[in-house]
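Chemist: sequence and predicted structure below; questions after.
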Amino acid sequence: MAATIKLFIVDDHHMVIEGIYSLLQQETQLEWMGHATNADSCLAFLRVRQPDILFMDISLGETSGIDLCKTVKELYPAVFIIGLSTFNQQSFIKKMMEHGASGYVLKNATRQELLQAIETVRLGQTYLSLEAAQSISNQQSEGVPLLTRREKEVLEQIAEGLTNQEIAEKLFISSTTVDTHRKNLLAKFKARNVAALIMIATRMQVI
C-alpha cells in the first residue's frame, strides 16, 4: 500500500472495534479516523469528514447495517464500504453488495485478510472473505455472478454503448475506475470482449 488510507468503523460492539484496531494499529499506511456504534453517530461523523474505507457491521442494534450502507453510498459514493459480520449467509452478503458495499469479511478475519480486503477495495475491486465467497459460490443461481451496485451501473452504461469517458462523466468517477470495473465485469462473466459481455449479461437477465 502506498498512500495513507483513512479508516473508520461502525459496530455496536466495542470488543469488535478494539479487536480490529489492535490488529491494524501498527500499520503505518493506515490512518484511524475513529468509530461509531450506531447509524446516527456514523452519519453525523460523515457530514464532517469522510474516510477512504468504512468497515460496517450489518447488524447495528435497532438499525440494519444493510440500510445504512445504502444511505452512505448515496450520500458519499466515494467511500468504500466493507461489510463486517458474524454471518456468511448468501442473503446478507448479496444485500450488502447490492446496496453498494465493495467487500464483505467475517469478524474472525485475520490481520492479513483485513489488509488484503482494504487493498482490494481501495483499487476499486470486490473483496469477499473465503467463507463469504464459498457461500455465494454454493448458492449462486444459474451461475449469475455477484455484482456490486457500481458494477451493475457500469454494465448498464456499457450496454447503452457509452465509452469509458462518457460513463465516467455520467457516474462522476474517473475513466480509470470505469476501466477497472469493465475488466472486472469481463472476468466475472467470463467474456472475451464487450459484445460477448452484453450478450451473456442479457441472457442471464442481469440487464
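Modeler: Sure thing, it's come through.

Chemist: quick check: phi and psi on Ile82?
Modeler: Per-residue torsions, Ile82: phi -110, psi 120 (degrees, to the nearest 10).

Chemist: got a list of what the residue nearest to it when sequence neighbours are not counted touches?
Modeler: Using CB to CB, 6 or more residues apart in numbering and skipping residues adjacent in sequence, the residue nearest Ile82 is Gly103, 4.0 Å away. Heads up, the C-betas are built off the backbone N, CA and C, glycines and all. Shown here is Gly103, whose contacts under the criterion CB atoms under 8 Å, 6 or more residues apart in numbering are Phe80, Ile81, Ile82, Gly83, Ala117, Thr120, Val121, Thr126, Tyr127, Leu128.

Chemist: residue contacts, Ala3?
Modeler: Ala3 touches Gln29, counting by CB under 8 Å, 6+ apart.

Chemist: you'd agree it is in a strand?
Modeler: No. Ala3 is assigned coil when assessed by DSSP: H, G, I helix; E, B strand; the rest coil, not a strand.

Chemist: that one and Glu74, how far apart?
Modeler: Distance, Ala3 to Glu74, using CB to CB, to the nearest Å: 26 Å.

Chemist: now the element after the helix or strand of the chain with the lowest mean pLDDT, going C-ward?
Modeler: Ranking every helix and strand in the chain by mean pLDDT, DSSP states H and E puts helix 130-139 at the bottom, with a mean of 66. The helix or strand immediately downstream of helix 130-139 is helix 149-159, counting by DSSP states H and E.

Chemist: for that following helix, name the packing helices and strands.
Modeler: Contact analysis of helix 149-159 by 3 or more CB pairs under 8 Å, 6 or more residues apart in numbering; DSSP states H and E lists helix 164-171, helix 175-188, helix 194-203 as its packing neighbours.
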